[in-house]
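1. Okay, sequence plus prediction incoming.
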Amino acid sequence: MIKRYSIFTGGLMAFLFVAALSLSAGYGYAAEVASGTSFVETKTVCMVNDRAMGKDQIPVEVGGKTYYGCCKMCVGNLTNKREYRYSTDPVSGNEVDKAMAYIVQKPGGDVIYFESKENATKHIAMSGTDVKTGAPAN
């Protein structure tokens, strides 16, 4: 009986702690915790695979901007192929330069690129939608 009570109390305390953090940090943080997404540093993303890699990637300078790849093939693609350096913001529909983007990591490691933190926060806050496309989840 005592062990069950302690596990319940521990779980309740963890929940209250996260709730307190959410209230103190604002709605964006609450949505981030709720959705399992997180904001990531540009240099930790392979911009060819569109994945957060958990460590610094190989910097690739193109046109005065820095992109990141995980291997020689990705470095070559970033250097020579424009389509790997750009994405589409799912909120605005505008083209986004990955070197200048605000990047959000989905559960599992895939990333989404946004033209602003505001768009990323709006997208995270949308419930019942596919995080990648903004379309209703099936």
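-> That came in fine, so what should we check first?
2. mind checking how far residue 87 is from residue 72?
-> Residue 87 sits 22 Å away from residue 72, going by CB to CB, to the nearest Å. C-beta coordinates here come from the backbone N, C-alpha and C atoms, glycine included.
3. In three-state terms, label residue 61 for me.
-> With DSSP: H, G, I helix; E, B strand; the rest coil as the basis, the three-state label of residue 61 is strand.
4. which stretches of this protein aren't confidently modelled?
-> Residue ranges of the chain with pLDDT under 70: 1-37, 127-138.
5. Who has more neighbours out of residue 87 and residue 72?
-> A direct count of neighbours by other CB atoms under 10 Å for residue 87 and residue 72 places residue 87 higher, at 20 against 9.
6. At which residues are the strands of the protein located?
-> 38-39, 45-46, 51-52, 58-62, 65-69, 86-88, 95-97, 102-105, 111-114 (DSSP state E).
7. Format those as CSV; extra columns: distance to residue 80.
-> Shown next, in CSV, are the strands of the chain (distance: least, CB to CB, whole Å):
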stretch, distance to residue 80
strand 38-39, 29
strand 45-46, 16
strand 51-52, 20
strand 58-62, 9
strand 65-69, 12
strand 86-88, 14
strand 95-97, 16
strand 102-105, 22
strand 111-114, 20
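8. closest one to residue 125 among these?
-> strand 102-105 (11.7 Å; CB to CB).
9. can you list contacts of that closest one?
-> By CB atoms under 8 Å, 6 or more residues apart in numbering, the residues outside strand 102-105 that reach it are 37-42, 45, 52, 111-117, 119-120, 123-124, 131.
10. Try it again at 6 Å.
-> 37-40, 45, 52, 111-114, 116-117, 120 (CB atoms under 6 Å, 6 or more residues apart in numbering).
11. okay, now the domains of this structure?
-> The chain breaks down by automatic domain parsing into domains covering 1-35, 37-138.
12. before we move on, back to that, any idea which of the strands of the chain gets closest to residue 79?
-> Using CB to CB, the nearest of those to residue 79 is strand 58-62, at 5.9 Å.
13. Packing partners of that closest one?
-> The criterion is 3 or more CB pairs under 6 Å, 6 or more residues apart in numbering; DSSP states H and E, and the helices and strands that strand 58-62 contacts are strand 65-69, helix 72-80.
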